[in-house]
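S.K.: requesting a structural model of the entry that follows:
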Amino acid sequence: MMDKIIVNLTSILLSGTGFFVVFTKFNVPELRSSFYGQNPFMIKADQIDNVTTWIFTGLAIIGLLIQVLKEIFGMSIPDRIHTVRYYIFFFIIGVFAMVWLTWGFSSVSKLIARQIWLPKIINSHSESFSKALFIVEHDGWREDQIRNKDTLKDSERYKNANYESVERSLKQIERLLDLPKNEDDFSKRIEKLKHYFKSNQ
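M.R.: So this is what the prediction gives:
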């Protein structure tokens, strides 16, 4: 049976969950790196943090509303009907429930945010992916080099530099899309990424 202490503890737990938003922030080393133009990891972080903040703020507001409703309509609710041990047990179980709730809402917020940041990331990296795709499909040559490849001296040096560029591009895209690098073969990595960029091809 519910009493005012149970209501207060529930309100505290829900409101306190709002503070857990600081532990759900998107944080990777690349956020502190320098990029030419806007940092794409910052784009992703802004969207995740924005959605997460709204969700956890909503939980905190619900906790406050419970407290307000108790003050307004709680005259018929008894002050205290359970033992101290019961309240301690209730609070401990509540803490575990809030930890689980935090994990669940954090996962949901990231899924929602992904629908926002994914098109932006794909659009901003469409050109670099196309260049990487061309190099891999044309034996290491860039589009501006392939016509003159037979006249270029030390062709392996050009191709190695191009493949290094491909590695940088694919590594960054994979990191942004949360895709593990399970293959060293460029062709297989390109194939995994193609369906993300097919609408931009």
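S.K.: any stretches of this structure with poor pLDDT?
M.R.: 22-23, 199-201 (pLDDT under 70).
S.K.: which segments of it make up each domain?
M.R.: 4-120, 126-200 (automatic domain parsing).
S.K.: straight-line length of the longest one, end to end?
M.R.: Translated: domain 4-120. Domain 4-120 has an end-to-end distance of 48 Å (criterion: CA to CA, to the nearest Å).
S.K.: export the domains of the chain to CSV and tack on mean neighbour count?
M.R.: In this view, the C-beta of every residue, glycine as well, is placed from N, C-alpha and C. As requested, these are arranged in CSV below (neighbours: other CB atoms under 10 Å):
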stretch, mean neighbour count
domain 4-120, 15
domain 126-200, 14
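S.K.: which helix runs longest in this structure?
M.R.: helix 84-124 (DSSP state H).
S.K.: so what does that one touch, helix or strand wise?
M.R.: Judged by 3 or more CB pairs under 8 Å, 6 or more residues apart in numbering; DSSP states H and E, helix 84-124 is in contact with helix 4-17, helix 40-73, helix 186-197.
S.K.: indicate which one of these is closest to residue 172.
M.R.: helix 40-73 (7.4 Å; CB to CB).
S.K.: and that closest one, how far from the chain's centre?
M.R.: Counting by CA atoms, centre = their mean, to the nearest Å, helix 40-73 is centred 17 Å from the centre of its parent chain.
S.K.: brilliant, that's me finished.
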